[in-house]
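# got a sequence here, can you model it:
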Amino acid sequence: MVHVRRGDYVDHDFGILGDEYYAEALEKLRAQGLTGPVWIFSDEPMLVPTRLRSEGEIVTAPAEAIEEMILMSHGAGNIVANSTFSWWGAWMNPLDVPVVFPRPWFATNRQTDELCPPWWEPQNSYWESQ
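All right, here's what the predicted structure looks like:
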């Protein structure tokens, strides 16, 4: 399960994660033996990074956000955006499911070391220029 957050982040300094972040995070999960389909959740599906579009299936958001989060919580692995929505989707998955998260969490490099559980795997953040 991959969550690509854009939307209102374009107008804030949180940062929009770039293609490189998602490509390297996906490689990390593939190296751990996850070979299944990639489901991609995004608030702007037409702007999902090219590499992800070729690797996976973009899931059209259900009518209710909670349904989308529940779907994200049932994956064999999660790649989260710097978003509390994807954080919760991954958090609700069992502890043995690998989760990759961006480090730093925000483009401003604000300290967030205790934001993610220690068993989640950090991946270098790459930011789109805004």
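# what sits up against the host helix or strand of Arg30?
Per DSSP states H and E: Arg30 is located in helix 19-31. Residues outside helix 19-31 that contact it (C-beta atoms under 8 Å, 6 or more residues apart in numbering) are 2, 4, 38, 49-52, 55, 77, 79, 98, 100, 102, 121, 123-126. Backbone N, C-alpha and C define where each C-beta goes, glycine included.
# and the helices in this protein, which stretches?
In the chain, the segments counted as helices under DSSP state H are 19-31, 50-55, 65-72, 84-91.
# okay, those in CSV with distance to Thr108 and mean neighbour count next?
Below are these laid out as CSV (distance: least, C-beta to C-beta, whole Å; neighbours: other C-beta atoms under 10 Å):
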stretch, distance to Thr108, mean neighbour count
helix 19-31, 16, 18
helix 50-55, 25, 14
helix 65-72, 26, 15
helix 84-91, 16, 19
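# with mean pLDDT and distance to Glu44 as extra columns, can I get those in a markdown table?
What follows is the helices of the chain, written out as a markdown table (pLDDT from 0 to 100; distance: least, C-beta to C-beta, whole Å):
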| stretch | mean pLDDT | distance to Glu44 |
| --- | --- | --- |
| helix 19-31 | 93 | 14 |
| helix 50-55 | 70 | 12 |
| helix 65-72 | 88 | 14 |
| helix 84-91 | 93 | 13 |
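# find the residue at the geometric middle of the chain.
Val80 (2.3 Å; C-alpha atoms, centre = their mean).
# now that one: closest residue in space that isn't a chain neighbour?
Ser86 (3.9 Å; C-beta to C-beta, 6 or more residues apart in numbering).
# that neighbour touches Asn78, doesn't it?
Yes: assessed by C-beta atoms under 8 Å, Ser86 is found in contact with Asn78 at 7.3 Å.
# between these two, what contacts are shared?
His3, Met72.
# distance of Phe106 relative to Ser86?
14 Å (C-beta to C-beta, to the nearest Å).
# which residue ranges of the protein form strands?
Here the chain has its strands, by DSSP state E, at 2-4, 38-42, 56-58, 78-79, 99-103, 121-124.
# show the low-confidence segments of the chain, by residue range.
6-13, 49-51, 53, 56-57, 60-63, 129-130 (pLDDT under 70).
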